[in-house]
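Visitor: I'll drop the sequence and a predicted model, then ask my questions.
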Amino acid sequence: MKQISKEKTTTYSVYVATDSTEFDNAEECLQYERSALGMLNAKLKKYIVWEGNEYDLWRNDTEYNTIAVDLKTQEAVDTLLHVYYLQHSYLLSDEHKKRREVFESLVDETFKNKDLLILGINCDNEYYYIDSRSNIVNRLLNLDKKDDSEGTDK
């Protein structure tokens, strides 16, 4: 008889929450994320300076809610990003990298300008970005300029 050594490898799934906490099963991971989301949403409330619906802003007939988040502090930015990623964990995949980068860029620009970020809230209670207050105002002002230039003789 001869003795030989063999190495045995076991493969198993690990579920990773958006803050990189690992779980052995999906249910525990989801439960953790939902409880974290509840706490972070409560924390985010102190940075929300306006709540309404899209009709208040655009006079359209959607019933989605809209909020304005004051992004003057790094804590506000970090809280918003954490909430957004918990709500949209699929954005952390490479497949959605561009969409994530657009949101991060908008948040960064809004923070640098100490501005308000306007977010919509869909029927699943998830945030979607609209734009910063100053970008919206600038686009509206440019619409007036565009209308004026179209009426002049060239």
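Guide: Arrived safely, thanks for sending.

Visitor: lowest confidence element among the helices and strands of the protein?
Guide: None of the helices or strands of the chain scores lower by mean pLDDT, DSSP states H and E than helix 54-58, at a mean of 76.

Visitor: Give the buried residues for that helix.
Guide: For helix 54-58, burial by neighbour count (16 or more other Cβ atoms under 10 Å) applies to residue 54. Every C-beta, even on glycine, is put in place using the N, C-alpha and C of the backbone.

Visitor: name the helices or strands packed onto that helix?
Guide: strand 65-70 (3 or more Cβ pairs under 8 Å, 6 or more residues apart in numbering; DSSP states H and E).

Visitor: Relative to the strand it packs on, what are the paired strands and their orientations?
Guide: Strand pairing for strand 65-70, using DSSP bridges, gives strand 48-53 (antiparallel), strand 116-121 (antiparallel).

Visitor: ok, then the element right after it?
Guide: helix 74-87 (DSSP states H and E).

Visitor: residues in contact with that following helix?
Guide: 18-19, 33, 36-37, 40-41, 43-44, 47, 69-71, 91-92, 103-104, 107-108, 111, 117, 125-127 (Cβ atoms under 8 Å, 6 or more residues apart in numbering).

Visitor: Now do the buried residues in it.
Guide: 76-77, 79-87.

Visitor: now the angle from it to strand 116-121?
Guide: 20 degrees (axes from the mean of the first three to the mean of the last three Cα atoms, to 10 degrees).

Visitor: Number the residues from 587 up from this point.
Guide: Got it, first residue is 587 now, which makes that one helix 660-673.

Visitor: could you dump helix 660-673 to CSV, C-alpha only?
Guide: Provided in CSV are the C-alpha atoms of helix 660-673 (Å, rounded to 0.1, in the frame of the first residue of the first chain):
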residue,chain,number,x,y,z
GLN,A,660,-19.4,65.1,2.6
GLU,A,661,-21.6,63.2,5.0
ALA,A,662,-24.6,64.1,2.9
VAL,A,663,-22.8,62.8,-0.2
ASP,A,664,-21.7,59.6,1.4
THR,A,665,-25.1,58.9,2.8
LEU,A,666,-26.8,59.5,-0.5
LEU,A,667,-24.4,57.3,-2.4
HIS,A,668,-24.7,54.5,0.1
VAL,A,669,-28.5,54.6,-0.1
TYR,A,670,-28.4,54.8,-3.9
TYR,A,671,-26.1,51.7,-4.1
LEU,A,672,-28.2,49.7,-1.7
GLN,A,673,-31.3,50.5,-3.7
